[in-house]
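# Fold the following.
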Amino acid sequence: MIRIGCVCAHSDDASILASEPVRQWANRSCPWVLDHMPEPIDTTAVDILLLPVDILSKKPIRNLLPVKPWVMVSPRKIDAFKAWQLGAAYFLLRPYSVPDLKRALERAEQLFYWNRGLIPPQFQSPVINLQLTKGRRLSVPVRNVLFLEAEGEVTQVYSDLPGQERVTAIRNLGYWEQALGDPRFVRVHKKYLVNMSQVSDLDTGQLQVRHFCLPVAKRRQKEVETQFFQWRNPGVGPVNTVLNG
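As a prediction, the model looks like this:
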């Protein structure tokens, strides 16, 4: 869990989380831990700093700026240039809304991970851990899987990864459909489970995945057409939740 230090400019400053909606969000739905920090700041206790502009004139505070990702908070638009000069991750103009604060903290969180050479969780791709024949195992990013084909009690897994274009996984197709649990994958035929984000074309009774032409069962035609349209036109009509990756 990312910890964010909210530093007060003055002892009588009630909170940097000024508005009631923001305070309620911070208490109930915030994905980060928000700590109100008096001076002197214990930088070992937090990962990101929320700093009011008035506090930046103090030398000990300015010395901290290169150490942690931080967000400048100010009631004056003119301070945006100062935020850029000092290397702030984001400039937050007071009064601000919950979406404004979330956007600022998401940007600072990205810097927190990138400064450590890590991939932020929201950009990580989920993987499927395949159990292959002869006791071997293989982890394949879900986004790289094209489709799965039933072949009796084993499953052929097709991907766009060099050297792993087709591998044989033990267990049947139903097992891997449940293991994936991903809305991208649609059962278009009793033999095929297809990553709809990889489908380039759909014609009557068949769809195109790269250079593969796969059959679509008649009873699944309408569902497949709907899924194909939604993946080709994101934001049009109700769309299933999509995992990043």
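
# Quick check: closest non-adjacent residue to V127.
In space, and not counting its chain neighbours, V127 is closest to S139: 4.6 Å by CB to CB, 6 or more residues apart in numbering. Using the backbone N, CA and C atoms, a C-beta is placed for each residue, glycine as well.

# Doesn't that neighbour lie inside a strand?
Yes. Judged by DSSP: H, G, I helix; E, B strand; the rest coil, S139 forms part of a strand.

# any idea how far it is from G163?
14 Å (CB to CB, to the nearest Å).

# quick one on the thing from earlier: tell me the contacts of the residue nearest to V127?
127-130 (CB atoms under 8 Å, 6 or more residues apart in numbering).

# partners of it in the sheet?
With DSSP bridges applied, the residues forming beta bridges to S139 are N129.

# pLDDT score assigned to it?
On pLDDT, S139 comes in at 88.

# and what of G174?
93.

# mind giving me the domain ranges of this protein?
Domain assignment for the chain, taken from automatic domain parsing, gives 3-122, 127-232.

# Quickly, which of those bottoms out on average pLDDT?
Among these, domain 3-122 scores lowest, at a mean of 78.

# Any idea how far that domain is from the middle of the chain?
21 Å (CA atoms, centre = their mean, to the nearest Å).

# need the helices for this protein, in chain order.
Secondary structure of the chain, counting by DSSP state H: helices at 20-28, 59-64, 79-86, 98-114, 173-180, 221-232.

# which helices and strands sit right next to the third one?
Okay, so that is helix 79-86. On a contact count with 3 or more CB pairs under 8 Å, 6 or more residues apart in numbering; DSSP states H and E, helix 79-86 meets strand 70-74, strand 90-93.

# Can you name the residues in contact with the longest one?
Contacts made with strand 70-74 from outside it, assessed by CB under 8 Å, 6+ apart, are listed as 16, 48-53, 56, 64, 79-80, 82-83, 86, 88-94, 96, 104-105, 107-108.

# Show the buried residues in the residues you listed.
16, 48-53, 56, 64, 79-80, 83, 86, 88-92, 96, 104-105, 107-108 (16 or more other CB atoms under 10 Å).

# how close does the residue nearest to V127 sit to I128?
S139 is 7 Å from I128, by CB to CB.

# Repeat that for C30.
From C30 over to I128 (counting by CB to CB), the distance is 31 Å.

# These two: which is more packed in?
I128 (21 against 17; other CB atoms under 10 Å).

# Run through the residues that contact R76.
By CB under 8 Å, 6+ apart, the neighbours of R76 are 53, 93.

# That one and K82, how far apart?
Taking CB to CB, one finds R76 at 9 Å from K82.

# what residues do those two have in common as contacts?
Contact with both R76 and K82 is made by residues V53, according to CB under 8 Å, 6+ apart.

# so Q208 sits right up against M196, yeah?
No. If you go by CB atoms under 8 Å, Q208 and M196 don't touch, sitting 11.9 Å apart.

# hmm, back to that, which one (most neighbours) among the contacts of S139?
L130 (23 neighbours).

# how about that one, what does it touch?
137-140, 157, 167, 169.
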